[in-house]
Every structure is written in structure tokens, then in C-alpha cells.
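J.: Fold the following for me, if possible:
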Amino acid sequence: MFQTEQQAIDARIKTFCEANGIPLAALEWKPLPFSGEWGMSTSFFATAAVEARLGKKVVVAQRAQEIAGQVKERALNSPKGSLYDSGSYHVEAVNGYLNVYFDTQEYTRRVVDTVLEQKNRFGSGPATDQRVMIEFSQPNTHKAFHVGHLRGTILGDAICRILEFAGHEVVRANYPGDMGLHVIKWLWGYLKYHNGEEPSADITKWMGEVYADTSKRLEETPDLEAEVRDVYARWDQRDPEIVALWERTREWSLEGFRQMYTALDVRFDVYYFNSQEEKPGKEIVEELVRRGIAIDDRPQGGAVIVKIDEALGLNKEQYRTAIVLRSDGTALYSTEDLALALHKFRDYPDLAKSIYVVDVRQSLHFTQVFKILEIAGHAQAQKCSHVSYELVTLPGNVVMSSREGTVVLLEDLLREATSRAKKEAHKKNPSLSEAQLESVAKAVGLGALKYPILARENTKMVTFDWQTALDFNGQAAPYIQYAHVRCNSILRKAGVDSPSLRPSRFNYSLEPAEVELIDWLSRFPSEVQRAAAEYKPLAIASIAYDIAKAFAGFYDACPVVQASPEVRDARLRLVAATMQTLANALALLGITAPEVM
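T.: Below is the predicted model of the structure:
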């Protein structure tokens, strides 16, 4: 809110230090906890330490305070004019820190006015020159799209939204598994037991049923595996019948995925497929063998391996040995991921980062793939990183499995969420029309699915629970959405539209509930940047809840429409600013902020 002032202070400090031979270290400003005034602080300990390293005989803590005091008295209050004569802020030098305090009314005005001026861009960062690719979701074709896919899809989408809002250019990538033993099994099962059938309206459900039926038959009659191997051989020989069936049925799966992504409000810019990477991956492996990086044990019945620790000259096991090609010459995930990593940078040479949002069980896999590329001299490996996440489980700690029959299909979960949300919304507001009820049910139901996933540390397990997910009074999406609705209701009751409200004037003593709400609103931009830097939507989920909770306290303690005219106008603007910030936060999580509930 006081960026202009901060930049002016930085400039004065830099000029003063240069003129006095003080080797200024980088200034890092941090917010001060509210104690009657808002403020920010920076320290000169690092600068004093630099002087000590350069040979100056100083006690670091004492010298830091000397510099802070000199900056306050001689740099910021110089003969050329004080930077804080206006009264909007004042400065203290305490224990090596320079503390800048802002006038409470002025700070409040700036927070509220900034939100209402920037509207749906409040909290966003300036455009950077960084293009980042986020690869996420990665469902397997010829299988059901179930709850096990939900977290990676929702998490990846939220990371994309946050990075874009923070100022980065984002490429959204998907990498479906469209070839492998699971596909061959499906094709065999279709030809043998379902030939000529076409998918129903629920495409991914039907595809999953065919896969489950095939798996069951193979478990009951293991001898049938020989027939599956025959189909795999036909695929390797590019038998026209098998290739044509694969192309047709793959498109069925992809259409089913598109339906699911539309329902989840998720989009992609580019698709890669593991079938594309098989041949280039094998070529990379052969090159690794030629260069002595990989060891080809196929003549002895083994696989092609890379002893990563040995290649790096490490005595202690760290990266272990990676298998990059099977003994029969068929590709593995590692084979294809070696090719995919380079494929991405050929398509987007200016990528600053290539992020893989994949579950935690693949952590070693990606570490090995990136390290092999690094050993092979591919500089792009330094730009690749893995954002891991834990799984979503059913109550009772049951993990999703397409083969074991513990699948909860995503389309079924969406229907269930919408149905439950509709009942809750009707109980909360029986006056809603049928059209309003449908709209609210969709928004609340989808929010109930997304929020529990995003409000959890990426690396912690999520056990989905309906009662918690649809809680209008706890840390859940409906609670935050209802706070947004309450804001809208107050503005509607007052007969005002936020853009037409007059400039803020908080010329009265703020209530503690107002202070807390303003404090949370002011933190939103920095939380956006933190969430982007750490790839953690949890930061946004948390501050959205904190703002909603602070608003509930404000709602109970501070009359708005019935307040005196001067207070009424200021508080209406604060309500409008809260409503906008909640909408922005929910949008970053892929959740709709409804106007009525």
C-alpha cells in the first residue's frame, strides 16, 4: 500500500550509504504486527556484518543500531526535506531495525481504496518475463476418471491460476497415459467381450467398466494373459486393426476427460502423450549407452540401467540405480519422461521452469530422470522440478484403485456434491428460485470438492468427508462463499454499487473488528506471492478463510447500514473491499463466489 514511500526510503538509504562508505546489504522489508499502528521494518545487521567481514572493527548489533539511527536522522530527515513530514507515517530506529509506522486512518483508506480501484486485479503481481509450464492431471486413457485423479487436477489448476495472478506467463500442460499395458488389456477385453459396443453418456464411467471387467476376467483366468501379450505384439508391429481401434477408443477417453475438465472449470494449453515419447525415449537411452552413461545388460537378460550415484562419483547412496529400458526393449515411464522433458523445451525454448505436479510416490522417479538428463549435459534439467502431493482417500483410509473396485467416479462425486449442496442451500434460503438454486448448488458443490484439497498441505493425505466439505460454519468453501454473499446483501440493502461509492474517509476511531478485517485484506497481495513462490494454494485457502472469519466478527460488532452517515459510507466501502478480495481469493482456487445463497 505504501510502495511509493518504500521506494523513496530505499533510495534515500542507498544514497546515504554510498556517500558515507557503508556497504549496504539488500534491504528486506517485513510487516510489523499491528499494535495501534500498522508498519514495516528492515534491519541493518547484514550491512554491519559486511563491514565486519571487510575488516572494520565493529560489534555487529551495536553497529546495526548506529546505522539505523543515522539513516533515520540524516537520510530520511535530511536538509533536503523529510520524507515523513506529511504525518502519514513516522520512523523509529530500534535495536538495529528501522521501523516505519503508518497513520491508521491513512493506512485503512489506502487498503480499501486500492482494493476498489484494482477490483479483480487486487493482489495480482506485475508481469514478469518468466514463462512457466505446469504439467498436471495426467489421467490414463481407457480407464475411469475417479477421485484419485481429483487432487492432481485441482492442485495443478490452482497453481496455474496463482502463478498467472502473481505475474507469470503459464503454459498448462497435460500428459495422459495413452499407451501401456493397461491400454493393451483394455483393447484385448474390448475385442473379446465388448466388440462393437460404444460408450454411454458417461464416457469415462463406461471406459472404466470395460477395464474393470477385463481385469476381473484376467484375475479369474490367468492363462488369458497370453492373449493379452499377443495383442501387445500386434501393437508393436503396428497392426492396422489394433492401431485403428486404439485411435478410436483413445478419442472416446479424451472426450470423456474434456467433459470432466469442463465440469471442474479446468483448461489446458497443450497435451503431450506417452505414446509420442516412446520412440524418442528409446533413442535417448541408446545415446546414453553409447556415451557410457547407461549400462546395457540386455544381452545377459537384464535391463538398461543408469548407476546415477556412480556416474556422479558419490560414495554414499543418494540417487540409486534407475532402469531406463526393460530387458525386452520396451519403454518404461523413465524412458518416456526423458524424452518428454526435452520435448517441452523444444516446443517452448524460453521456459524458465518446467513443473511436474505428480503424486509423492513418483518423487524418486523424477529425481532420477532430472539427474540423468543433467549427467547427459542437458541444461534444461536444472529448470525441471517436481511438486508432489499425497493421495485423496475415502473415509476409512481406502485408497482409490481402478482394479480393486474401490473407485469413486468423479462424475458421481460431482452429482453427489451438487445434490447435497442444493439441499443445504434450500434449507439456508427457501426463497431461492429453482434457477438460483441450481446455480448456487453448482457453485457450492464444486467449492466443497476443491477447498478441502487446497486447504491442506500438498504432502499431507486428504480424507474426503461430506460433513466437513459442506460446512457453512467451519473452515470450508461454503463458509467463505456465504461471507461473500453477506457482503453483497449489505450493499444491496444499502442500495449502493461499490464502484459508485465515494472515496474512503475513516475519520473515526476504528473498532477492533474493523482493524482485524483491514489487516487481513492488506495481507492478501503478499500471500499471493508466497503461494506462487512455494506452489502452495494452501496460503490462499487459509487467507480466504481468515478474511471470511474476520468479516463475521465485523458483521457482528459493527453496524453498517444503520451507522451514522460518515461511518456508514466508510464501512460500506470496507464491505465492498472485503467482497472483492473474497471473490479474488476464491477465483484463485477455481471456486465461484455466488451473489446469493
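J.: Any idea how far the host helix or strand of residue 47 is from the middle of the chain?
T.: Residue 47 belongs to helix 45-53 when elements are defined using DSSP states H and E. Relative to its chain's centre, helix 45-53 lies at 38 Å (C-alpha atoms, centre = their mean, to the nearest Å).
J.: same question, stretch 369-385
T.: From the chain centre to the centre of stretch 369-385 is a distance of 24 Å (C-alpha atoms, centre = their mean).
J.: Between the two ends of that stretch, how far is it?
T.: End-to-end distance of stretch 369-385 (C-alpha to C-alpha, to the nearest Å): 10 Å.
J.: same deal with stretch 305-313?
T.: One end of stretch 305-313 sits 16 Å from the other (C-alpha to C-alpha).
J.: Sort out which residues of it are buried, please.
T.: For stretch 305-313, a neighbour-count test (16 or more other C-beta atoms under 10 Å) marks 305, 306, 308, 309, 311 as buried. Quick note: C-beta positions are derived from backbone N, CA and C, even for glycine.
J.: Now tell me what touches that stretch from outside.
T.: Stretch 305-313 has contacts (C-beta atoms under 8 Å, 6 or more residues apart in numbering) with 288, 293-295, 297, 316-324, 368, 371-372, 375.
J.: among those residues, which are in helices?
T.: Among the contacts of stretch 305-313, DSSP state H puts 288, 368, 371, 372, 375 in helices.
J.: ok, so what distance separates the third one from residue 290?
T.: Look at residue 371 and residue 290: by C-beta to C-beta, to the nearest Å, they are 19 Å apart.
J.: Compare the two (neighbour count), which wins?
T.: Applying other C-beta atoms under 10 Å to residue 371 and residue 290 shows that residue 371 carries more neighbours, namely 19 against 10.
J.: how near is the most centrally placed residue in the chain to residue 168?
T.: Residue closest to the mean C-alpha point of the chain, counted by C-alpha atoms, centre = their mean, is residue 159 at 2.3 Å. When C-beta to C-beta is the yardstick, residue 159 and residue 168 sit 10 Å from each other.
J.: Could you do residue 355 as well?
T.: 11 Å.
J.: Identify the contacts common to these two.
T.: Common contact partners of residue 355 and residue 168 (C-beta under 8 Å, 6+ apart): residue 132.
J.: So between these two, which is more surrounded?
T.: Between residue 355 and residue 168, counted using other C-beta under 10 Å, the more crowded position is residue 355 (23 against 20).
J.: and the more buried one, what does it touch?
T.: 132, 133, 134, 135, 159, 384, 385, 386, 387, 535.
J.: So how do I select the buried members of the contacts of stretch 305-313 in ChimeraX?
T.: A single ChimeraX command is used to select the members of those judged buried by 16+ other C-beta under 10 Å:
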select :288,293,294,295,319,322,323,324,368,371,372,375
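J.: Restricted to strands, list the contacts of stretch 305-313.
T.: 295, 321, 322, 323, 324 (DSSP state E).
J.: returning to that earlier point: now render the ones in helices among the contacts of stretch 305-313 as JSON lines, adding distance to residue 74 and pLDDT.
T.: Shown next, in JSON lines, are the ones in helices among the contacts of stretch 305-313 (distance: C-beta to C-beta, whole Å; pLDDT from 0 to 100):
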{"residue": "288", "distance to residue 74": "63", "pLDDT": "98"}
{"residue": "368", "distance to residue 74": "57", "pLDDT": "98"}
{"residue": "371", "distance to residue 74": "53", "pLDDT": "98"}
{"residue": "372", "distance to residue 74": "57", "pLDDT": "98"}
{"residue": "375", "distance to residue 74": "55", "pLDDT": "98"}
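J.: can you list those residues in a markdown table and add distance to residue 224?
T.: Putting the ones in helices among the contacts of stretch 305-313 into a markdown table (distance: C-beta to C-beta, whole Å) gives the following:
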| residue | distance to residue 224 |
| --- | --- |
| 288 | 36 |
| 368 | 34 |
| 371 | 40 |
| 372 | 37 |
| 375 | 42 |
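J.: quick one: which of those residues is nearest residue 476?
T.: residue 368 (38.9 Å; C-beta to C-beta).
J.: so what's the closest residue to that closest one other than its chain neighbours bridging to?
T.: Closest residue in space to residue 368, ignoring its immediate chain neighbours: residue 322 at 4.1 Å, by C-beta to C-beta, 6 or more residues apart in numbering. Legend: beta-bridge partners of residue 322 under DSSP bridges are residue 306.
J.: residue ranges with poor pLDDT in this protein?
T.: Residue ranges of the chain with pLDDT under 70: 1, 78-88, 394-408, 498-502.
J.: if we go to 50?
T.: 398-406 (pLDDT under 50).
J.: Paired strands for the longest strand along it, with orientation please.
T.: Taking DSSP E as the criterion, the chain has its longest strand at strand 351-359. Applying DSSP bridges, strand 351-359 is found paired with strand 131-135 (parallel), strand 384-389 (parallel).
J.: okay, these, which one's buried deepest?
T.: strand 131-135 (a mean of 22; mean count of other C-beta atoms under 10 Å).
J.: close enough to count as contact, the residue nearest to residue 368 and residue 372?
T.: Yes. Between residue 322 and residue 372 a contact is recorded at 6.4 Å, counting by C-beta atoms under 8 Å.
J.: Common neighbours of those two, please.
T.: In terms of C-beta under 8 Å, 6+ apart, residue 322 and residue 372 are both contacted by the residues 306, 308, 334.
J.: returning to what we had before: gap between the residue nearest to the centre of the chain and residue 170?
T.: Note on residue 159: its distance to residue 170, by C-beta to C-beta, is 9 Å.
J.: Tell me the residues that contact both of the two, please.
T.: In contact with both residue 159 and residue 170: residue 134, using C-beta under 8 Å, 6+ apart.
J.: Strands of the stretch 101-250 of the chain, start to end?
T.: Using DSSP state E, counting those that start in this stretch, the strands found in the stretch 101-250 of the chain span residues 131-135, 169-174.
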